[in-house]
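Visitor: Here you go, sequence then predicted model.
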Number of protein chains: 2
Amino acid sequence: MAKKAAEAGRGKSAASQRDRVTLAKIVELADRVSKSAFAGREPKVEIPSRTRSNTIWNRKRGILEMGGAASERELFNLNQAKQFMQTMLHASTIKDLIEADKTSSLRGVFYKAKHTVAGTKENTFDTQDESDPILEDLEVTLEALREELHIFAEPRGAMVGNITIIDKGDEINCRRMGTGGYQIPSIVEPDVIRFGKCEAKFVLHVEKGTVWQRFNEDRFWEKNNCILTHGAGQPPRGVRRLLQRFNRELKLPIICVLDCDPWGHYIYSVIKQGSISLAFESTRLAIPEAKFLGIRAKDYEACSLSEAVKIDLSDNDVKRAKEIAAYPWFEGHKGWQREIAHLLKNGFKMEVESLITKDISYVTETYVPQRLKAKDWLD
Amino acid sequence: MAKKAAEAGRGKSAASQRDRVTLAKIVELADRVSKSAFAGREPKVEIPSRTRSNTIWNRKRGILEMGGAASERELFNLNQAKQFMQTMLHASTIKDLIEADKTSSLRGVFYKAKHTVAGTKENTFDTQDESDPILEDLEVTLEALREELHIFAEPRGAMVGNITIIDKGDEINCRRMGTGGYQIPSIVEPDVIRFGKCEAKFVLHVEKGTVWQRFNEDRFWEKNNCILTHGAGQPPRGVRRLLQRFNRELKLPIICVLDCDPWGHYIYSVIKQGSISLAFESTRLAIPEAKFLGIRAKDYEACSLSEAVKIDLSDNDVKRAKEIAAYPWFEGHKGWQREIAHLLKNGFKMEVESLITKDISYVTETYVPQRLKAKDWLD
């Protein structure tokens, strides 16, 4: 019990420090607005631009970054007044959340701010589609991740493996999680999630929960001394952030097993460099060292697979593959250029689950162990 | 270690017994076919009909059931030959899975059976859409749940609370699962999942992971001595089966907190009585005693909610609400008739998350505890 209290306490103080910084930024934002107003100048906030043209590929760091462009949001501008008010409303909700030491979902924040403006028929927000981008504006303006603003999304993804996780003071032994696993929460910042004992030498990240179950059932993580994660498709921010923390803090390589198709390549690209729409988060979410182990376009021949594994590329797949090949971080990468060219030459995609055509456990007992041993991956 | 081995051993023998029964049924199915063939009669299987007209509402048991209608699937019938072959192929894969003591995803089973028939250009299966219904045919023919056929789906949903779960011999203390929780696996049959110590007096089931996080953060399960689950929307079979086992084996009431809209009502209906398309599973999945605590149509006034919570009913919502009111199990239920009439009279729906407009923790600290105390629910 004493240990638990000490851990909870440690979590608490880390939270308070982080929260104090975020709170100070919100107060500063509000101060600037009110000072302008009292000085007879027009109240405004400066919001960094989350546009494609303001996204920069930092080759040296290997991540997408946001450039220096920003736009002003003014109260006395008919086109901007509503968004100005929405920005202030959400900043206020976030302040309340942090002060109450509580978190809320994106939808909860929307409801919290939604009301009809007194004396009018105008709503502050009509739909959540209006609300979420304002929160992203606040993230870039305050230079704080959404998770630091105490806001979470639907949790997705799970893990098992040779590590102990300390989650709000609870010790979770990921070596003893049966068939179910530990659901990866939406907020995995260091004040919530800390790392205990870890024997694992790397992280194997797979795309889908069904593939994860195959690896877990075969106890891949035990036989290969690793951590096994999945993100239920495109991994949510919580999973990406946790993978990044495993990589940075525990120095664990992140090795991805995804489908051999443009969607699999795109998932890898987001894990590795970040996404264009959320370039401002890359510093905290991207993992430039992440590796793509497979499925590879060469595997149809290399693994002597049967016709059954082939799924024809659609016109859209071809278009997406070419777009991805032209990403600046794939453009100068010979391995990836060859990989995508091979996919296009094949004319078909292949899913991780198709390896079952060799044998139920071929993927866990032969394919991945062989590739790991040979360090045969793209990075 | 000895304890773990003993538990794993116990799990194993339960598995073997169940598996022996399933295997015997598959062999019997194959025997009937081959006996017919050798006797010069035409090879065929009889498949119970999974149609709406063969779905019966068993008022006494409070669940949907499958009637006695069945259809024959013959090899020497041009319209049925392909499905006959597909049925045999999948039965064979399932036999292999059980004998290897492994499980596979629905997609894995599809790949396992997919190939081009020798000497033709005909594929055994072209898409998974053809494959999944054949597995449902086998479920009803063999009178075995998909999970007993060693087939799983994508895992969804999570839990925390005052219970210990023994998952393949691993003891999972759901009182110490932090913010993340235990991911509910797809297969929760007694040979995989057993129940350890349980102080909980009921289960609170919520629709979404985001709502679940609010309840978990406020430690609702600790303050109210319960188990807290979510199903990430319409709960998958694994979550429904686990809730049913909590209800039957541990005698825990299952109390649902869902949105006040036709979708929330439908989710409740499926948890309680089963679904028409999978009526054959109801005996193993439905929970006739499940209760609907809220959100209720009366809550707009009862809780003095603001305009912000209202979301207008669409034409489709109105149509769905009327369809649900006409379900036989809602038709004779005065409480539900009043509830749906009230929803239609309101003309708007309300989500659980909208209660944040009262206060961040209103739903966990006021709304649900008050309703529980007053036993104010629909059943």
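Guide: All right, it came through fine. Residues are numbered from 1 along each chain as shown, chains lettered A, B, ... in the order given.

Visitor: which residues are contacting stretch A:223-233?
Guide: Stretch A:223-233 has contacts (Cβ atoms under 8 Å, 6 or more residues apart in numbering or on different chains) with A:156-163, A:174, A:184, A:198-209, A:211-212, A:215-216, A:220-221, A:239-240, A:242-243, A:246, A:252, A:267, A:368-369, A:372, B:154, B:156. Where C-beta positions appear, they are placed from N, C-alpha and C, glycine not excepted.

Visitor: In strands, which of these appear?
Guide: Members of the contacts of stretch A:223-233 lying in strands (criterion: DSSP state E): A:158, A:159, A:160, A:161, A:163, A:198, A:202, A:203, A:204, A:205, A:206.

Visitor: With respect to chain B, which of those is nearest?
Guide: Distance to chain B across the ones in strands among the contacts of stretch A:223-233 (Cβ to the nearest Cβ) is lowest for residue A:158, with 4.2 Å.

Visitor: Return the residues in contact with that closest one.
Guide: A:180, A:181, A:182, A:183, A:184, A:209, A:212, A:229, A:230, B:155, B:183.

Visitor: try it again with 10 Å
Guide: When contacts are counted by Cβ atoms under 10 Å, 6 or more residues apart in numbering or on different chains, residue A:158 touches A:174, A:177, A:180-184, A:209, A:212-213, A:216, A:228-232, A:239, B:155, B:158, B:180-185.

Visitor: May I ask you to confirm that residue A:144 is in contact with residue A:136?
Guide: No: applying Cβ atoms under 10 Å as the test, residue A:144 and residue A:136 come out as separate, 11.4 Å apart.

Visitor: Looking only at neighbour counts, state which of these two leads.
Guide: The neighbour comparison of residue A:144 against residue A:136 (other Cβ atoms under 10 Å in any protein chain shown) goes to residue A:144, with 19 against 16.

Visitor: Now residue A:263. Nearest residue, chain neighbours left out?
Guide: residue A:320 (7.8 Å; Cβ to Cβ, 6 or more residues apart in numbering or on different chains).

Visitor: swap that for residue A:328, sorry
Guide: residue A:57 (4.2 Å).

Visitor: now swap in residue A:367 and tell me
Guide: residue A:355 (5.9 Å).

Visitor: distance of that neighbour from residue A:297?
Guide: Noted for residue A:355: a distance of 14 Å to residue A:297, by Cβ to Cβ, to the nearest Å.

Visitor: Surely the residue nearest to residue A:328 forms part of a strand?
Guide: Yes: using DSSP: H, G, I helix; E, B strand; the rest coil, the secondary structure at residue A:57 is a strand.

Visitor: so what's it scoring on pLDDT?
Guide: With respect to pLDDT, residue A:57 has a value of 89.

Visitor: ok so, going back, thinking the residue nearest to residue A:367 is in contact with residue A:294, fair?
Guide: Yes: taking contacts as Cβ under 10 Å, residue A:355 lies within contact range of residue A:294: 9.0 Å.

Visitor: which one is residue A:102 nearest to, not counting chain neighbours?
Guide: Residue A:102 sits nearest to residue B:360 (Cβ to Cβ, 6+ apart), 5.1 Å away.
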